[in-house]
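S.K.: just the structure for this:
(3 chains)
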Amino acid sequence: MNTYRFLSLLVLVALLLGGCGGQAKSEEVNLYAWSEYVPQTLLDSFTEQTGIKVNYDAYSSNEELLAKLQAGASGYDLIIPSDYIVDIMINQGMLLELDFNAIPNFQNIGDAFKDLEFDPGNKYTVPYQWGTSCLVVDTEQVTRPITRWADLWDPEFAGKIVLLDDEREVMGMVLAVLGYDNNSIDPAQLEEARAKLLELMPSVRLFDSDSPKTALLAGEVWIGQTWNGEAAIAHGENPAIDYIIPEEGCNMWYDNLAIPTDAPHADAALTLIDFILSPEASVLITEEFPYSNPNTAALELLSTENSDMYDAYMGFTATNPSPQDMERLYMIHDLGDATAMWDRIWTEVKSGE
Amino acid sequence: MSEKKPSLGLRIYSVLAFAYIYMPILLLMIFSFNSQKLNIRWEGFTLHWYGELFRDQAVLLAVRNTLIIAIISTVVATVIGTLAALALQRYRFPGYNLSESLLYIPVIIPEVVMGISLLVFFVQAGIRLGLLTIALSHIAFCIPFVALVVRARLHGFDKSIEEAAMDLGANEITTFWRVTLPTIMPGVMAGAMLAFTLSLDDYVITYFTAGPGSTTLPLRVFSMVRFAVTPEVNALSTLWVLTVFIILGLGQILQRKQT
Amino acid sequence: MSTTPEKGSRNFVAAVLSRLREDPSAQGLALVSPTLLYLLIFMILPLIMVVVISFLSRGTYGDIEFNLNLGNYVRLIDPLYLRVLSYSIKTAALTTIITILVGYPLAYYIARVPARQRSRLLFLILVPFWTNFIIRIYAWIMILRTEGILNNLLASLGIINTPLYILYTPLAVQIAMVYEFLPFMVLPLYTSLEKIENAQLEAAADLGARPWRAFLRVTLPLSIPGMIAGSILVFIPAMGMFVVPDLMGGAKSVLIGNLIRNQFLTARDWPFGSAASMLLLLLTLAVTLIYTRKAGFGEDLLV
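M.R.: Model (predicted):
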């Protein structure tokens, strides 16, 4: 091979290797989060203010985040794990303890969202957004009032149901319908849940955790289980789409900002966390993505800056459940060794058994 | 094959078959101009999304990454694969059968298995996930495809030219460089094109071996469509296809000019 | 001036080179060694690691515990997982058969048009595959959904009154799978069809065979190598597919690809997932061996 080409190749390879995470201290920070979750406007504003560049990579599930981190060698500085994953990560020593002197904006978080059960005393995390995964209904197609998950089993909805493609969400819901704990590891209860879910299968048109709103808006399904954010977007396109916290209750989740122990730019990550908690930045999140915001200062700012959006936020169950609704909400906990049992049942049901 | 022209039935069938192949692509292109963001129904015509595309840093980064990886993988895999093809097609040596089987394993192995095994390997070896690990993975599955194509080209190769060159005093290396390589070049190029295509569109293996800042286009598109298949994504695909069409088309025209 | 080690190493290199010059099998080994080395490090070694993990156990938090046991393999010998496997095989087999049926006439047509047009047509078949795989699938969702292009078209032509429910059914999955794999079948088929000598067909005609008989008795058997090569290129990847069945089928079934992916993600049971991966790999190897016993890998078709 001629010398020139060989040298160019070497240079190219060297550039590549150089570009792989060996930068000078804290001129950048590696963010790893759900896609469509952190507004680009927020990140641009951060870079403007601090000069720190943000690399935003996306994962499509909490488990993917966990798998990549557990495999080691991840190189991420700031992650946004959900509640039960935080629990696992803390137990495995994967998270850095936060220095709250560097995060004065933590005071903006509502008290109801501090000191949550998966991270007592907020040693490792601060809340980012929260939400629910409950019942969604297209009221144009379904004219009678729906208040319970149990209604899904009504033959009227055959082939018209969308469910999340998530065994913890779906089986948790079925357990709740049967009156059991949504994290049950009792084999007898799980067996009942399996049979009950199997009954529902013919009515399920699709499982979709990515974009369940698409099937709703396209008229493929009339009713089902989605994330509150998806429901809010769908509601925005079609006001007939309603979101309900059922009688049996449904899942509440918290997503939290955290720093992995092996983060190469932990100091920049702390700066970013504090920035995100400021009302000016946090309000950007609510303006762009319709989840529930635990940041009271941000919501106050929204009410003065954009009262229409504030009213819409406050007025819709997906973004702002009532106190009575809140009492019915439950959370997902890690199943530990029982995970295999749940996984097996999920495989069975999807295989038609 | 026979000089007789294909029957009407066959011609109609082929038109239908090409319609089947192109319908989704045309749809893709049309809906890149849709003004509805969720792209579920046609709302109105706009060029807005093409503008969005060029402002989208994440996508531009992904394009850059994808091209870098594809070029590196192609170059390395083509060199190594061509050498292997020469070895297998022309020589006999101890371990021949083993080498041949080894070479074809990446063709057979399910992508998900290969991806997972590479993830495990890189982690155990302490290599940080990123562009390097993706490139290393791509090279692994490209080598056999290059070797296959080049071997096919070597199949009917007439050695007498080489022997003539050697008789005239050229040593092995000169012979290879001046005689053999130019002759098998079409095969090598074909192999390189195949490797490039495979690397460009790879999703599963890249999924497992990517790290911070090394998102490739297929990965980026996949996370973009999680929200919805916005017209921006369609715009990206449209531009991609048109670019490739133009480049390959030009290549064909140039080739014809040469002959 | 020149120190002994330098001279010694130069001698060594000279010795190796002269050995290479004389011994053809050494030349062969030298040429193939970069490939061997690369694949040994980046394919065999990783696979060995997965094999090792398949003999370990899952810890309570989804980490890996180092105690060698056959637990995962015992767990796999279960009607449920065999069912998952057989469903994957059935889907892949169906895709392969349909691809042959759809692709054969197309390949035949291309093999019979004037030579100049052939490469153009083949090129046209490949161009769509330069778009992104995921987008192509989503385009099909747009076409096949209840208020999608196909239903709108059929309704406006008056062919149907109520929309066809194609999306999120096995039919939709097959339509998309065949779409994805068509070029992999058409290209090898075309290659073997193109090689069929005029002379053979003319001989058949001379001997009084009508066109259909000539096809059945001459063309078809001679195109079998192409069918086999195409079948390998379709069946093997189709067996591990899960993205298309999930997106087009509504994620209502579990294929072996889903199972493996679930183990590495949701269930966080890497050992069990590794064992399932080994199962898939062994199956793939078995199928390949059966096929290639008949006609090699078909490299001669790629000319």
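S.K.: going forward, measure contacts and count neighbours with C-alpha atoms only.
M.R.: OK.
S.K.: tell me the mean pLDDT for stretch A:246-259?
M.R.: For stretch A:246-259, mean pLDDT is 94.
S.K.: with stretch A:74-81 instead?
M.R.: The model assigns stretch A:74-81 a mean pLDDT of 90.
S.K.: that one: end-to-end distance?
M.R.: 15 Å (Cα to Cα, to the nearest Å).
S.K.: tally of neighbours for residue 65?
M.R.: All of this is about chain A. Per other Cα atoms under 10 Å in any protein chain shown, the neighbour tally for residue A:65 reads 22.
S.K.: was after chain C, sorry
M.R.: 13.
S.K.: pLDDT weak spots in chain B?
M.R.: Scanning chain B for pLDDT under 70 picks out B:1-5, B:156, B:226-227, B:255-259.
S.K.: up against chain A, what does it have?
M.R.: B:38, B:40, B:58, B:119-120, B:123, B:126-132, B:211-213, B:215, B:223-224, B:226-228 (Cα under 8 Å from any Cα of the partner chain).
S.K.: in chain C, which residue sits nearest chain A?
M.R.: Closest to chain A within chain C is residue C:250: 4.1 Å, counting by Cα to the nearest Cα.
S.K.: tell me the contacts of that residue?
M.R.: A:205, A:206, A:207, A:208, C:168, C:169 (Cα atoms under 8 Å, 6 or more residues apart in numbering or on different chains).
S.K.: hmm, which of the residues of chain B next to chain A are the buried ones?
M.R.: Those of the residues of chain B next to chain A that meet the buried threshold are B:38, B:40, B:58, B:119-120, B:123, B:128-132, B:211-213, B:215, B:223-224, B:226-228, by 16 or more other Cα atoms under 10 Å in any protein chain shown.
S.K.: ok, which stretches of the stretch 201-350 of chain A are strands?
M.R.: For the stretch 201-350 of chain A, the strands defined by DSSP state E, counting those that start in this stretch cover A:204-207, A:223-227, A:241-244, A:251-258.
S.K.: got it, and the stretch 51-200 of chain C?
M.R.: For the stretch 51-200 of chain C, the strands defined by DSSP E, counting those that start in this stretch cover C:57-58, C:64-65.
S.K.: now check the first one, is it near chain B?
M.R.: No. With Cα under 8 Å from any Cα as the criterion, chain B is not reached by strand C:57-58; the gap is at least 15.2 Å.
S.K.: what helices or strands is that strand leaning on?
M.R.: Counting contacts by 3 or more Cα pairs under 8 Å, 6 or more residues apart in numbering or on different chains; DSSP states H and E, strand C:57-58 is packed against strand C:64-65, helix C:270-295.
S.K.: ramachandran angles for the residue nearest to residue A:347 when sequence neighbours are not counted?
M.R.: Spatial nearest neighbour of residue A:347, chain neighbours left out: residue C:254 (6.5 Å); criterion: Cα to Cα, 6 or more residues apart in numbering or on different chains. Phi and psi for residue C:254, reported as degrees, to the nearest 10, are phi -110, psi 120.
S.K.: these two touch, right, residue C:254 and residue A:353?
M.R.: No. Counting by Cα atoms under 8 Å, residue C:254 does not reach residue A:353; the two are 11.5 Å apart.
S.K.: and these two? which has more neighbours close in?
M.R.: Shown here are residue C:254 and residue A:353; by other Cα under 10 Å, residue C:254 has more neighbours (26 against 12).
S.K.: could you count how many residues lie near the residue of the stretch 151-300 of chain A found nearest chain B?
M.R.: Closest residue of the stretch 151-300 of chain A to chain B, Cα to the nearest Cα: residue A:210 (4.9 Å). By the measure other Cα under 10 Å, the count of residues near residue A:210 is 19.
S.K.: what pLDDT does it get?
M.R.: On pLDDT, residue A:210 comes in at 80.
S.K.: from residue A:226, how far out is it?
M.R.: Taken as Cα to Cα, the span from residue A:210 to residue A:226 is 10 Å.
S.K.: and what of residue B:130?
M.R.: 33 Å.
S.K.: same thing with residue B:240?
M.R.: Remark: distance between residue B:240 and residue A:226 (Cα to Cα) = 33 Å.
S.K.: what do you get for residue B:121?
M.R.: For residue B:121 relative to residue A:226 (Cα to Cα), the value is 37 Å.
S.K.: downstream of the helix or strand hosting residue C:16, the next helix or strand is which one?
M.R.: Assigned by DSSP states H and E, residue C:16 belongs to helix C:4-22. Proceeding N to C from helix C:4-22, the next assigned helix or strand is helix C:24-39, under DSSP H and E.
S.K.: one step back: what sits closest to the residue of chain C closest to chain A if chain neighbours are left out?
M.R.: Of all residues beyond its chain neighbours, the one nearest residue C:250 is residue A:206 (4.1 Å), with distances taken as Cα to Cα, 6+ apart.
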